[in-house]
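> Provided below are the primary sequence and the corresponding predicted coordinates.
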Amino acid sequence: MVFTPRGERPYDPHMQVTKKALEQHIAVFGESGSGKTVMLSSFYGATQEPQHVQKSLFHVVADDMGQGTRLHRNYLGMRESARLPAITRFASTSYSFSVRLKDGSDAKANKARPFDVLRLVWHDYPGEWFEEGVSGHEEAQRRVDAFISLLSSDVALLLVDGQRLLDNAGQEERYLKSLLANFRNGLLSLKGDLLKDGKPLVDFPRIWIMALSKSDLLPDMDVFGFRDLLVEKAGDDLVEFREVIAGLVEAGDALSVGEDFVLLSSAQFGAESIEVTKRVGLELILPLAAMLPFERHVRWAQLKNMPVKVAESLLAGAGALSEVLLGNKIKLAGPAGVLRNLVSLVLSKEVLNEAVKVTGDKLKNINSEAMAKQNYLTATLTRFRMDLDRGEEEKVLLRSAK
């Protein structure tokens, strides 16, 4: 959760600014052929459809126009010609999308909102680097640099390929154990380059969601069935994977690996057509990136013996989100509103907890009131939280209770 001045990079969580963007990073890991490019193209292309542009409270704009054009072209190729995007290999790319709110009639609310742009930075890490060895020092260094670039991510999606599950029906453990072993060993091979002087990392993806890509191939499997399959067939491997990640980060208790699950499908694929409107779970990408870290980080920051610097990192941006949800400003010490000492943590605890607990009818009431006042920032973020609840009701999403 990072604040930056509008339109500027690189990212610095401690930068003092006046008008802010709330920036969320998501890292997507998947083996070659797992559908990452198709998923990203479908995610972006859907936001460019007329019904989204006209009815949504925000526009999704690719910060790099060239990237946006390529992704939109991929999407249109699927929609109009049933043509899949070209396969990319060893391409480590970050895509930045700005969620720009439409202005409502409440000029006072527009001016007072703590940020006016929500930026999603999507890091696509090459699956080949976890499946194959690198050839030479230059490629090894590119692999390290690419991984370092995604360390600011709060959320990581680890894709489980639905086609590979079908190919190994009845013996799914062969695929799942291989998948997790590749990622586990890949992280271990990077450990020496990531940990300077052997010190664990403060900034690192702490929420690792297991995501079933191409879920349309398994229409009878809901998110509980997906979870149960993973636990039954590769439960020990999930535990080992978590232990490897815990060995990279400071405060390993503030970690959720293989405890959240989601079903994803970029479209429904037929022999001669691709139905891009029949997606599963992609509408949860923005809510997951924006709101899941907020819910989780506030709880983690209050764990007993939590190092102050980890609490600072976890709660960067939490005050602004709380203000949007409840209308209560939190005065946090330190640049960019991050917590600088445990006293400020105690003082803000009650308000932050109240913001996290806004659910059910209270959440719906806040959303309805915001819509009536055309306070589109509050309306959008409360809608994101409602979308997560709906994802669970539809058995597409399963969030950890931790």
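Happy to help now that I have it. Numbering: from 1, shown residues only.

> ok, which stretches of the stretch 101-250 of the chain are helices?
For the stretch 101-250 of the chain, the helices defined by DSSP state H, counting those that start in this stretch occupy 107-112, 128-131, 137-149, 162-167, 172-194, 223-246.

> So which bits of the third one are buried?
It refers to helix 137-149. 140, 142, 143, 144, 146, 147, 149 (16 or more other Cβ atoms under 10 Å). For the C-beta atoms, the positions are set from N, CA and C on the backbone; glycine is no exception.

> cool, and the fifth one?
For helix 172-194, the neighbour count (16+ other Cβ under 10 Å) marks 172-173, 175-176, 178-180, 182-184, 186-187, 189-190 as buried.

> again, but for the last one
Within helix 223-246, the residues that count as buried by 16+ other Cβ under 10 Å are 223, 226-227, 229-230, 233-234, 237-238, 241-242, 244-245.

> Pipe those residues into a markdown table and attach distance to residue 61 per row.
Converted to a markdown table, the buried residues of helix 223-246 look like this (distance: Cβ to Cβ, whole Å):
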| residue | distance to residue 61 |
| --- | --- |
| 223 | 31 |
| 226 | 33 |
| 227 | 35 |
| 229 | 38 |
| 230 | 36 |
| 233 | 41 |
| 234 | 39 |
| 237 | 40 |
| 238 | 37 |
| 241 | 35 |
| 242 | 36 |
| 244 | 37 |
| 245 | 33 |
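
> Which one of those residues is nearest to residue 269?
Closest approach between the buried residues of helix 223-246 and residue 269, by Cβ to Cβ: residue 226, at 19.2 Å.

> I'd say that closest one and residue 213 touch.
No: if you go by Cβ atoms under 8 Å, residue 226 and residue 213 don't touch, sitting 11.0 Å apart.

> residues shared between the contacts of those two?
residue 160 (Cβ atoms under 8 Å, 6 or more residues apart in numbering).

> now the stretch 101-250 of the chain, which segments are flagged as low pLDDT?
104-110, 133-134 (pLDDT under 70).

> ok so, going back, could the helices of the stretch 101-250 of the chain go into CSV alongside distance to residue 202?
Putting these into CSV (distance: least, Cβ to Cβ, whole Å) gives the following:
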stretch, distance to residue 202
helix 107-112, 32
helix 128-131, 24
helix 137-149, 14
helix 162-167, 35
helix 172-194, 12
helix 223-246, 14
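
> and of the ones you listed, who's closest to residue 79?
Residue 79 lies closest, by Cβ to Cβ, to one member of these: helix 162-167, at 21.0 Å.

> would residue 257 count as being in a strand?
Yes: assessed with DSSP: H, G, I helix; E, B strand; the rest coil, residue 257 lies in a strand.

> Could you pull up the contacting residues of the closest residue to it other than its chain neighbours?
Leaving aside its chain neighbours, residue 257 sits nearest to residue 242 (3.9 Å; criterion: Cβ to Cβ, 6 or more residues apart in numbering). When contacts are counted by Cβ under 8 Å, 6+ apart, residue 242 touches 208, 255, 257, 258.

> switch the cut-off to 10 Å
Residue 242 makes contact with 184, 208, 252, 255, 256, 257, 258, 259 under the criterion Cβ atoms under 10 Å, 6 or more residues apart in numbering.

> pretty sure the first one is touching residue 240, no?
The reference is to residue 184. Yes: under the criterion of Cβ atoms under 10 Å, residue 184 makes contact with residue 240 at 6.1 Å.

> Tell me the buried residues in stretch 199-207?
For stretch 199-207, the neighbour count (16+ other Cβ under 10 Å) marks 203, 204, 205, 206, 207 as buried.

> ditto for stretch 351-365
Using 16+ other Cβ under 10 Å as the test for burial, stretch 351-365 gives 351, 352, 355, 356, 358, 363.

> any idea how far the first one lies from residue 253?
In other words, residue 351. Relative to residue 253, residue 351 is positioned 23 Å away (criterion: Cβ to Cβ, to the nearest Å).

> that older thread, out of the contacts of residue 242, who's nearest residue 67?
Looking across these and measuring by Cβ to Cβ, the closest to residue 67 is residue 208, at 25.3 Å.

> thought residue 68 was touching residue 40?
No: in this structure, residue 68 is not within contact of residue 40 by Cβ under 10 Å, at 11.2 Å.

> joint contacts of those two?
95, 97.

> who has more neighbours, these two?
residue 40 (24 against 19; other Cβ atoms under 10 Å).

> my guess is that one meets residue 213, correct?
No: using Cβ under 10 Å, residue 40 is not in contact with residue 213; the gap is 11.4 Å.

> Assess the claim that residue 390 and residue 281 are in contact.
No: Residue 390 lies out of contact with residue 281 (Cβ under 10 Å); the separation is 11.4 Å.

> joint contacts of the two?
Shared contacts of residue 390 and residue 281, defined by Cβ under 10 Å, 6+ apart, comprise 396, 397.

> neighbour count winner among those two?
Shown here are residue 390 and residue 281; by other Cβ under 10 Å, residue 281 has more neighbours (23 against 15).

> show me what contacts that one?
Shown in contact with residue 281 (Cβ under 10 Å, 6+ apart): 39, 43, 211-213, 215, 223, 262-266, 288, 391, 394, 396-397.

> Give me the subset of those that lies in helices.
If you go by DSSP state H, those have 39, 43, 223, 288, 391 in helices.

> Just put the buried residues of helix 137-149 in a markdown table and tack on distance to residue 54.
Converted to a markdown table, the buried residues of helix 137-149 look like this (distance: Cβ to Cβ, whole Å):
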| residue | distance to residue 54 |
| --- | --- |
| 140 | 48 |
| 142 | 42 |
| 143 | 43 |
| 144 | 44 |
| 146 | 37 |
| 147 | 40 |
| 149 | 35 |
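
> Looking at the residues you listed, spot the one nearest residue 53.
residue 149 (30.5 Å).

> distance of that closest one from residue 138?
Residue 149 is 17 Å from residue 138, by Cβ to Cβ.

> what's the answer for residue 130, then?
Distance from residue 130 to residue 138, counting by Cβ to Cβ: 18 Å.

> likewise residue 120?
Taking Cβ to Cβ, one finds residue 120 at 30 Å from residue 138.
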